[in-house]
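S.K.: Here is my input, please return the structure:
(chains A and B)
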Protein chains: 2
Amino acid sequence: MADTILYDYWRSSASYRLRIALNLAAIPYRAVPVDLVKGEHRAPEHLARNPQGLVPVLDIDGLQLTQSLAILDYLDQTRNLGLVPADPAERARVQALAQAIAIDIHPVCNLKVARHATELSGGAEGMPGDWMRHFIRPGLQAFEVMLGGFEQSPYCCGDTPGLADICLMPQIYNARRWEVDISDMPRLLSVETACNANPAFAAAHPDRHAPAG
Amino acid sequence: MADTILYDYWRSSASYRLRIALNLAAIPYRAVPVDLVKGEHRAPEHLARNPQGLVPVLDIDGLQLTQSLAILDYLDQTRNLGLVPADPAERARVQALAQAIAIDIHPVCNLKVARHATELSGGAEGMPGDWMRHFIRPGLQAFEVMLGGFEQSPYCCGDTPGLADICLMPQIYNARRWEVDISDMPRLLSVETACNANPAFAAAHPDRHAPAG
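M.R.: Residues are numbered from 1 along each chain as shown, chains lettered A, B, ... in the order given. Next comes the predicted model:
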């Protein structure tokens, strides 16, 4: 039925973002897992899809697209999802909020980056978790302060889910995975509650996409 | 004269991007240096501007904006710079190209990240340069392959400078600073030559903004 194919990995934050957006847009898609742990992203087959060897890749509308933020922008433009405000000033503020996670936390905590740091540390005890915690907690603390500039009613920036929510939820998943304390971040936790109650977010959760067995 | 203030640091890639864009838009601005080496970004004064404690911050049109990509989008929208194509599919491809640098190379090679990795390595010889080289060269190799999908005539994606060029030039500056070999990347080098010949890029170069002495 669906011509739309998402090449993803269940635990990849960027894949998780696209699952949320595809659900919000009610676009049926077929998921093709690319197992990062088995190194499938470095296979010639996947490098032909994305020279960066990363997930996600989205086949949609006869296009093959990479980079989750670019794809979110494409879905927003072609499916009118309202992920960012139309007014340029508001739009810049919302994008900055989302980018505080998507640029300053997520890439630094990419598995490949954390693994290289672990190797350099001589496989120190507590790694790679210590690496994750070192960057995730202060990053989310700054995000919590930035959220203060918006009204959570109940999503990050208003009454409909947007770009910031889509970037936040996968980062919260990772925060919990690596036992980062976020109990002192009430704005963030209230957004989490709202997103958890939204079926588009719930159906995109990694636990629903983990390989069997 | 100018109400526009750029809080920047001469060697910050994200600041360098905004200097290029402000020059392309012919917006006069006053630069206020925030010395990252002296820790001025962690001062309450700067945290009030940006809870993330990062540069750049741009005061413009009565707004105080953070995150270079969000600000580039704002300038593009309000000053019609044509930094990305209007067609959603082309726009997604160009954004993905720029993000291959702005998301997957630059944040990982942020000074604070490289310093933490250096510390974890016990101050290993060759650090932080080895960290930089480990991520910059493969990142730019993927970018070189991706550039193959566009015509460099003479800029990354056509005959006017755009988002990809603005992200590429600061990354090339960093590649040279950390002695990354890019001699086998002809597309990238041809774009570099074109950008170097453009006064908006030349005037934004870190060497023109280094502190005196």
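S.K.: give me the low-pLDDT residue ranges for chain A?
M.R.: For chain A, applying pLDDT under 70 flags the ranges A:1-2, A:213.
S.K.: Helices along that one, start to end?
M.R.: Here chain A has its helices, by DSSP state H, at A:13-24, A:44-49, A:68-79, A:88-102, A:111-120, A:129-147, A:163-177, A:186-196, A:199-202.
S.K.: and the gap between the residue lying closest to A:L111 once chain neighbours are set aside and chain B?
M.R.: Nearest residue to A:L111 in three dimensions, chain neighbours excluded: A:L36, at 6.7 Å (CB to CB, 6 or more residues apart in numbering or on different chains). Backbone N, C-alpha and C define where each C-beta goes, glycine included. Applying CB to the nearest CB, to the nearest Å, the value for A:L36 to chain B is 15 Å.
S.K.: list the contacts for the residue of chain A positioned farthest from its centre?
M.R.: Each residue of chain A has a distance to the centre, and by CA atoms, centre = their mean the biggest one is for A:G122: 29.5 Å. Residues near A:G122 by CB atoms under 8 Å, 6 or more residues apart in numbering or on different chains: B:S121, B:G122.
S.K.: next one: phi and psi at it?
M.R.: The phi/psi pair for A:G122 (degrees, to the nearest 10) reads phi 70, psi 30.
S.K.: Is A:H205 in contact with A:Y173, as I believe?
M.R.: Yes: judged on CB atoms under 8 Å, A:H205 makes contact with A:Y173 at a distance of 7.4 Å.
S.K.: Spit out the contact partners of the residue nearest to A:L111.
M.R.: If you count contacts by CB under 8 Å, 6+ apart, A:L36 has them with A:Y9, A:R11, A:S12, A:V55, A:L111.
S.K.: who wins for most neighbours among those residues?
M.R.: Counting neighbours by other CB atoms under 10 Å in any protein chain shown, A:V55 leads the contacts of A:L36 with 26 neighbours.
S.K.: Could I get the contacting residues of that one?
M.R.: So A:V55 contacts A:Y7, A:D8, A:Y9, A:S12, A:A14, A:S15, A:V34, A:L36, A:H41 (CB under 8 Å, 6+ apart).
S.K.: For the last one, grab the count of nearby residues.
M.R.: Burial measure for A:H41: 23 neighbouring residues, criterion other CB under 10 Å.
S.K.: From A:R49, how far out is it?
M.R.: Using CB to CB, to the nearest Å, we find A:H41 at a distance of 10 Å from A:R49.
S.K.: can I see the domain layout of chain A?
M.R.: Here the domain parsing of chain A from automatic domain parsing is A:5-81, A:88-201.
S.K.: Find the nearest non-adjacent residue to A:S121, please.
M.R.: Spatially, and ignoring its direct neighbours in sequence, A:S121 is nearest to B:L120 (4.1 Å; CB to CB, 6+ apart).
S.K.: Just give me the neighbour total for the one you found.
M.R.: 21.
S.K.: my guess is A:A200 contacts A:I20, does it?
M.R.: Yes: A:A200 sits in contact with A:I20 when judged by CB under 8 Å, with a separation of 5.9 Å.
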